[in-house]
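1. Here's a sequence, model it:
(one chain, ligands or ions: 1)
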Amino acid sequence: MLVHVPRLLSREQVAEIRGVLTGTDWVDGRVTAGAQSAGAKNNLQVPENAPAARSLGDVILGALGGNPLFNAAALPLRVFPPLFNRYDTGMEFGPHIDNAIRFVKPSIASGMPIRVRTDLSATLFLTDPAEYDGGELVIEDTYGSHSVKLPAGDMLLYSATSRHHVTKVTRGSRWSSFFWVQSMIGDEAARAMLFELDTAIQGLRGRYGDESEIVALTGLYHNLVRRWADA
Ligand code: NI
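-> Predicted coordinates for the structure are as follows:
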């Protein structure tokens, strides 16, 4: 599943985040990579526990909470605190699959380590396509290979089970926030069906209002979520 969430952040929010990131320390991106992906990874990241990363992460979490498309597609249970990365000219990230389980550091999670099963991966673009060449996010799934580069403020949500890479940046610098989502619906096919059903119901409601059959379909949607969700 690939879902493009347009304008998750406003231009003002993107500018504010970039302003803060400009003044922070960046480290080698391999700090959060698994053993296999470390060999493929060449980029820069803001350290996970940097205060700037946490306050900017909260801005993003707030935007996610208020975004109907994100909530319909992800049915989120937990969101990993957003991280920030940067690919300067010459940097890239070769093909890999993200780790299945991520641990939120105890210092961030108020003393208790929190496990996040990475059902979905998210990339929130913080630089516009005109600012750099290369740097495409390429995702391989059962339907083939998808190359994605979105406007600053837009987010791509994709299945964390898919192999992906970021092509080499050949001009400029590509900045983004990235994080993972544990969905209430662990089964990918079930989650995709719920999203389709929800989208169809929203369309019908827009056209016909709350006809009794639409109320029944809405009930069916909620009863399926009740049956399948971890909460
Ligand atoms: Ni990845």
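2. List the pairing partners of the host helix or strand of residue 139 within its sheet, with orientation.
-> Assigned by DSSP states H and E, residue 139 belongs to strand 137-141. Sheet partners assigned to strand 137-141 using DSSP bridges are listed as strand 144-148 (antiparallel), strand 163-166 (antiparallel).
3. Quick one: mean pLDDT for stretch 127-140?
-> Stretch 127-140 shows a mean pLDDT of 98.
4. Quote the end-to-end distance of that stretch.
-> 23 Å (C-alpha to C-alpha, to the nearest Å).
5. Mind naming the longest helix for the protein?
-> In the chain, taking DSSP state H as the definition, the longest helix is helix 188-208.
6. Would you mind listing the outside residues contacting that helix?
-> 1, 3, 72-73, 75, 119, 159, 161, 183, 185, 211, 214, 217-218, 220-221, 224-225, 228 (C-beta atoms under 8 Å, 6 or more residues apart in numbering). The C-beta positions use only the backbone N, C-alpha and C, and glycine is treated the same way.
7. Give me the buried subset of the residues you listed.
-> Using 16 or more other C-beta atoms under 10 Å as the burial test, the contacts of helix 188-208 include 1, 3, 73, 75, 119, 159, 183, 185, 214, 217-218, 225, 228 as buried.
8. Could you say which helix or strand holds the closest residue to residue 40 other than its chain neighbours?
-> Residue nearest to residue 40 in three dimensions, not counting chain neighbours: residue 94, with 3.2 Å by C-beta to C-beta, 6 or more residues apart in numbering. Take DSSP H and E as the rule and residue 94 turns out to sit in strand 92-96.
9. Please name every helix or strand in contact with that strand.
-> If you count contacts as 3 or more C-beta pairs under 8 Å, 6 or more residues apart in numbering; DSSP states H and E, strand 92-96 packs onto helix 35-38, strand 41-42, strand 163-166.
10. now for the second one, which elements pack on it?
-> Packing partners of strand 41-42 (3+ C-beta pairs under 8 Å, 6+ apart): strand 92-96.
11. Tell me the strands beside the strand it packs on, with direction?
-> strand 41-42 (antiparallel), strand 163-166 (antiparallel).
12. For it, which outside residues touch it?
-> Applying C-beta under 8 Å, 6+ apart, the external contacts of strand 92-96 come out as 29, 34, 36-37, 39-43, 87, 134, 140, 163-169.
13. Now, of these, which are buried?
-> Listed as buried from the contacts of strand 92-96 are 29, 37, 41-43, 87, 134, 164-169; burial here means 16+ other C-beta under 10 Å.
14. I'd like the mean pLDDT over whatever helix or strand residue 176 lives in, please.
-> Using DSSP H and E, residue 176 maps to strand 174-183. Averaging pLDDT along strand 174-183 gives 98.
15. That strand: how far from the chain's middle?
-> Relative to the chain's own centre, strand 174-183 is displaced by 4 Å; criterion: C-alpha atoms, centre = their mean, to the nearest Å.
16. Strand 137-141 and that strand, what's the angle between them?
-> 30 degrees (axes from the mean of the first three to the mean of the last three C-alpha atoms, to 10 degrees).
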